[in-house]
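Colleague: quick one, what's the 3D model for this:
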Amino acid sequence: MKIEDIFSNIPILCTKSLILKKMTLKDAEDLFEYASDPEVTKYITWAPHKSIDDSIDFLKSVLRRYENNEVSEWGIVYKENNKFIGTCGYVLWVPVHSLAEIAIALSGEYWGKGLMTEAVKEVIKYGFEKMNLNRIYARCFMENIGSQKVLEKVGMKFEGILREQMFIKSKFSDMKIYSILRKEYHEQGFESKE
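Modeller: All right, here's what the predicted structure looks like:
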């Protein structure tokens, strides 16, 4: 399986509360609303957006990945108000090893509602059922309790600490790594632990 086979036209994914879709430049205002919040970006690899131009630049980089059939993330839209509230998707895929990494970001206004858990479950399902993955993993900052809870709720297992693995925001940071294997996905019927 090739990356372009999947990402030449990533599909819309729907859950009970969310629509996961390709991002567009029309999402800039909603993106800026949460990407400029220091609380949201505290445990994310990128700095807070200082202007709407930062959000537009980010979206342009995503659109380039779409155009080049590269591994990409979905934009998360909350069905209740049709608002763009975050991103979830693949940031690395190694087809020869059937493994991929996911990354997530969510507007602080929507924390604690189970929405990111819902999005990640759908993205994991897509990975195992459409991308023929055997292993899906995610990394998060040691202090990012919210992301750790999401990863545990979707059935990922804590594997360990990657010491000073990333140089982010002018310092080396330890990262926790979580993963789920295809056999675990099938064994648990991908039921949430909520």
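
Colleague: V62 sits in which helix or strand?
Modeller: helix 52-67 (DSSP states H and E).

Colleague: other SSEs contacting that helix?
Modeller: When contacts are defined as 3 or more CB pairs under 8 Å, 6 or more residues apart in numbering; DSSP states H and E, helix 52-67 sits against helix 28-35. Every C-beta, even on glycine, is put in place using the N, C-alpha and C of the backbone.

Colleague: ok, T41 touching A35?
Modeller: Yes: with contacts counted by CB atoms under 8 Å, T41 reaches A35, the gap being 6.8 Å.

Colleague: okay, these two: which has more neighbours?
Modeller: When T41 and A35 are compared for neighbours, A35 comes out ahead with 24 against 18, by other CB atoms under 10 Å.

Colleague: could you measure from the more buried one over to I85?
Modeller: 11 Å (CB to CB, to the nearest Å).

Colleague: do the same with I44
Modeller: Plainly put, I44 is 15 Å away from I85 if you go by CB to CB.

Colleague: which one's more surrounded, the two?
Modeller: I85 (25 against 19).

Colleague: am I right that that one is in a strand?
Modeller: Yes: checked against DSSP: H, G, I helix; E, B strand; the rest coil, I85 lies within a strand.

Colleague: how many residues are close by the closest residue to it other than its chain neighbours?
Modeller: In this structure, I85 finds its nearest non-sequential neighbour in S107, 4.5 Å apart by CB to CB, 6 or more residues apart in numbering. S107 is flanked by 20 other residues according to other CB under 10 Å.
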